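Chemist: let me see the structure of the following:
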Amino acid sequence: MVWNPGQQLFGGRYIIVGKLGEGGIGMTYLAKNEQQELRVIKTLREELLNKAAWKPHQAKLKQDFRDEAVRLAVCRHPHIVQIENIFDEDNLPCIVMEYIEGEDLSNRVRRLGVLSETEALVYIRQVGDALKVIHNKGLLHRDIKPRNIMIRANKNEAVLIDFGIAREFIPNAVQRHTVYRTPGFAPPEQYELEAPRGEYIDVYALAATLYNILTGVLPRNAVDRSPENPLESPQQYNPNISNRVNEAILRGMDLQPHYRPQSVQQWLDLLFGEEAELTPPHLLVSSPNARQSHIGKQFVPPTPTPPSSETSLQWQCIRTITGHSSMVHAVAISPDGQAIASGSNDNTVKLWQLSNGKLIRTFGRWFSGHSNMVNAVAFSPDGQLLASASSDETIKLWQISTGKEISTFKGHFNWVNAVTFSPLSSSYQPGVGRMFASAGADGTIKLWLTSTVLEIGTFTGHTDSVCSIVFSPDGQLLASGSADCSLKLWQVSTGREMHTFTGHSFFVNSVAISPNGQILASGSADNTIKLWNINTKQEIITIAGHSDSVWSVAFSPNGQLLASGSWDRTIKIWQVSTGSEVMTLSEHTSYVRSIAFSPNGKIIVTGSDDDTIKIWRQA
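Modeler: Prediction:
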């Protein structure tokens, strides 16, 4: 049976949009739920079940299929596809999963040829983190390969999918598992019906995946390898691969399980373990004589300076706010310092009392809310309005006092990643309203007025998704950071591109401008923060210390401190004048995506993929 577009399933809760594909035993469909959100529905092929050879095994096959959903549902992680529902339709078991817009790693490699080592390691670390959750649940994935890793559109985020052959395991115990494997990615023990099972099975496949995406070559099948016919070194196909990564791949793909790292974490340590030596975790300052070129730039540690009273203070977590049912993508603090706004992957925008963490209201609870994840929130300078940007391609404007939606702004044709208001001094025009800007995965920046839903300007120039935007304190300039690895400075009145800053080697996720309007800060997926002089357009310093993508940066109100949030699960506070690290805050259990200072500079609020908001105060 094939379900046609428009067909209703599960009592009308899902409507088929079309067929996505089919495999040996399963079929996948694109559907919409009751909130008009896209979902993937996976089921079994009915004609297969009805074949004579399969009929005696129908019940077990259906139960195994349902078990996949149960296994997947208990493995909650931002880089594991999420289950929404499980039901039967026409006696066929169905799994409803989130729809991931983007492409799988196999298609990405086919399109680009090979990935850079920097980009590849971002995805491999994310999948490794997901595998650690799976292994902690006593499961093996057993089918890690590029085709089973999706990359979200316009984001450097990998998601592990397809748990069809995942199985429980007892470390190193001999167990009977279905003999299923993907040649090139499966270790030799996966060709055996009965063999010891351990995390090292998935370690082999993850290493083979890295081999493939860095070389564009399918690794030699495990059963075809021998001392006389060894695995070709990845560097043989791509000489740009570093020695450390080359060695880690070969170790991870050793034919003997006991010679491989015995856990994903051990292999990740091998893969990334020398980074601290290659990139010291202290400030890197560019030589004045080398500032005209990024090639051959020399770096020296800064001269230590005595800590000021501002930078010698310690910070501690005073409250953890729970209430969102998924990742917290954005936080903002009201201009009066009394409230926190948050946006989440659960599609909601919430308002909280800063003093006690109590929920004030949820915006858009009755039909007017966003239909996809909320990526950014921003208060108007007078604190009367709240703007929210979403992957549903809209920006919504809310009245703070009542929680009512004022307007919905449509103009971007892809995810809206960022939104920000122009400062109070320059944003208000009598009878016209306040100005705000939005940035999207369509590569554009748009200007809007709160009094009308029509855009008043569009800035184009970035060649990839615009991830972050910020106005200068006087409202005359706008800075933007993009997945094209650059920052741009724009003149707001004319839309003219004034300068492009280059130097980051990967996505620029966040930008911020100092309160005096002199310094531009950027946080990047290359794990660094850069400070730039807005007047001279020169890089001032590069700050290295995070071990993963820097997702958010924010200046303190007096401009002396810079706070950064990272996928290494930490928040770091830096002294702006020297770039030295003041302290590291590390109580989040997953990626830190957003960060904000209170108006008095005494409070920091952070949002994380651990579904929480944390409030930090100077001790």
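
Chemist: burial of Pro599, as a residue count?
Modeler: 13 (other Cβ atoms under 10 Å). Heads up, the C-betas are built off the backbone N, CA and C, glycines and all.

Chemist: ah, wrong one, I meant Gly495
Modeler: Should you count by other Cβ under 10 Å, Gly495 turns out to have 16 residues around it.

Chemist: how about Asn347?
Modeler: Under the neighbour criterion other Cβ under 10 Å, Asn347 is assigned a count of 21.

Chemist: wait, doesn't Ser468 sit right on Val508?
Modeler: Yes. Counting by Cβ atoms under 8 Å, Val508 is a contact partner of Ser468 at 7.2 Å.

Chemist: so between those two, which is more surrounded?
Modeler: Set Ser468 next to Val508 and count neighbours by other Cβ under 10 Å: Val508 wins out with 30 against 24.

Chemist: list the residues that contact the more buried one.
Modeler: Going by Cβ atoms under 8 Å, 6 or more residues apart in numbering, Val508 touches 467-468, 481-483, 485-487, 522-525.

Chemist: any common contacting residues for Ser468 and Val508?
Modeler: Contact criterion Cβ under 8 Å, 6+ apart; residues bridging Ser468 and Val508 by contacting each: Gly481.

Chemist: and the helices in the protein, which stretches?
Modeler: Secondary structure of the chain by DSSP state H: the helices cover 46-49, 58-74, 105-112, 117-136, 200-215, 234-237, 243-252, 264-272, 275-278, 424-427.

Chemist: weakest of these in terms of mean pLDDT?
Modeler: Of all these, mean pLDDT reaches its minimum on helix 275-278 (a mean of 35).

Chemist: pop the domain breakdown of the protein in here.
Modeler: Per the record's domain assignment (automatic domain parsing), the chain is made up of the domains 8-98, 106-277, 314-618.

Chemist: quick one: buried residues of stretch 388-400?
Modeler: Under the neighbour-count criterion of 16 or more other Cβ atoms under 10 Å, stretch 388-400 has 388-398, 400 buried.

Chemist: measure how far that stretch is from the centre of its chain, please.
Modeler: A distance of 20 Å separates the C-alpha centroid of stretch 388-400 from that of its chain, computed with Cα atoms, centre = their mean, to the nearest Å.

Chemist: how about that stretch as CSV, C-alpha atoms only?
Modeler: Only the C-alpha atoms of stretch 388-400 are listed here, as CSV (Å, rounded to 0.1, in the frame of the first residue of the first chain):
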residue,chain,number,x,y,z
SER,A,388,11.0,36.9,18.2
ALA,A,389,12.6,35.3,15.1
SER,A,390,11.8,31.8,14.0
SER,A,391,12.6,29.0,11.6
ASP,A,392,9.0,29.3,10.4
GLU,A,393,10.4,32.2,8.3
THR,A,394,8.7,35.0,10.3
ILE,A,395,9.3,37.6,12.9
LYS,A,396,6.6,38.3,15.5
LEU,A,397,6.1,41.4,17.5
TRP,A,398,4.5,41.0,21.0
GLN,A,399,3.2,43.5,23.5
ILE,A,400,5.0,42.9,26.8
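
Chemist: Serialize the helices of the chain to JSON lines and add fields for distance to Val223 and mean neighbour count.
Modeler: Output for the helices of the chain, formatted as JSON lines (distance: least, Cβ to Cβ, whole Å; neighbours: other Cβ atoms under 10 Å):
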{"stretch": "helix 46-49", "distance to Val223": "27", "mean neighbour count": "14"}
{"stretch": "helix 58-74", "distance to Val223": "26", "mean neighbour count": "15"}
{"stretch": "helix 105-112", "distance to Val223": "22", "mean neighbour count": "15"}
{"stretch": "helix 117-136", "distance to Val223": "24", "mean neighbour count": "21"}
{"stretch": "helix 200-215", "distance to Val223": "13", "mean neighbour count": "27"}
{"stretch": "helix 234-237", "distance to Val223": "20", "mean neighbour count": "17"}
{"stretch": "helix 243-252", "distance to Val223": "18", "mean neighbour count": "20"}
{"stretch": "helix 264-272", "distance to Val223": "22", "mean neighbour count": "20"}
{"stretch": "helix 275-278", "distance to Val223": "34", "mean neighbour count": "10"}
{"stretch": "helix 424-427", "distance to Val223": "66", "mean neighbour count": "15"}
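
Chemist: ok so, going back, same list, the domains of the chain, but as TSV with distance to Val2 please.
Modeler: Conversion of these to TSV gives the following (distance: least, Cβ to Cβ, whole Å):
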stretch	distance to Val2
domain 8-98	7
domain 106-277	20
domain 314-618	28
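
Chemist: mind listing what Leu255 touches?
Modeler: When contacts are counted by Cβ under 8 Å, 6+ apart, Leu255 touches 187-188, 222, 225.

Chemist: show me which of the buried residues of stretch 388-400 is closest to Leu9.
Modeler: Nearest to Leu9 among the buried residues of stretch 388-400, counting by Cβ to Cβ, is Asp392 at 23.0 Å.

Chemist: surely that closest one touches Gly369?
Modeler: No. Checked against Cβ under 8 Å, the pair Asp392 and Gly369 is beyond contact range at 9.5 Å.

Chemist: tell me what Phe471 is bridged to.
Modeler: Leu478 (DSSP bridges).

Chemist: next, the contact list for it, please.
Modeler: Per Cβ under 8 Å, 6+ apart, neighbours of Phe471: 420-423, 437, 477-478, 492, 513.

Chemist: same check on Pro219?
Modeler: Counting by Cβ under 8 Å, 6+ apart, Pro219 makes contact with 184-185, 208, 211-212, 231, 253.

Chemist: now distance to Val109 too, for those residues, in CSV please.
Modeler: Output for these, formatted as CSV (distance: Cβ to Cβ, whole Å):
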residue, distance to Val109
Gly184, 13
Phe185, 13
Ala208, 13
Tyr211, 11
Asn212, 7
Leu231, 19
Met253, 18
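
Chemist: Gly517: which of the buried residues of stretch 388-400 is nearest?
Modeler: Sorting these by how near they are to Gly517, with Cβ to Cβ, puts Ala389 at the top with 24.1 Å.

Chemist: OK, contacts around the closest one?
Modeler: Residues touching Ala389, when contacts are defined by Cβ under 8 Å, 6+ apart, comprise 343, 374-377, 395, 416-419, 438.

Chemist: for Met498, same thing?
Modeler: Counted by Cβ under 8 Å, 6+ apart, Met498 has contacts 477, 488-491.

Chemist: quick one: it from Phe459, how far?
Modeler: 11 Å (Cβ to Cβ, to the nearest Å).

Chemist: ok, now Ala596?
Modeler: 24 Å.

Chemist: of those two, who's got more company?
Modeler: Here Ala596 and Phe459 are set side by side on neighbour count (other Cβ under 10 Å), and the busier one is Phe459, at 24 against 21.
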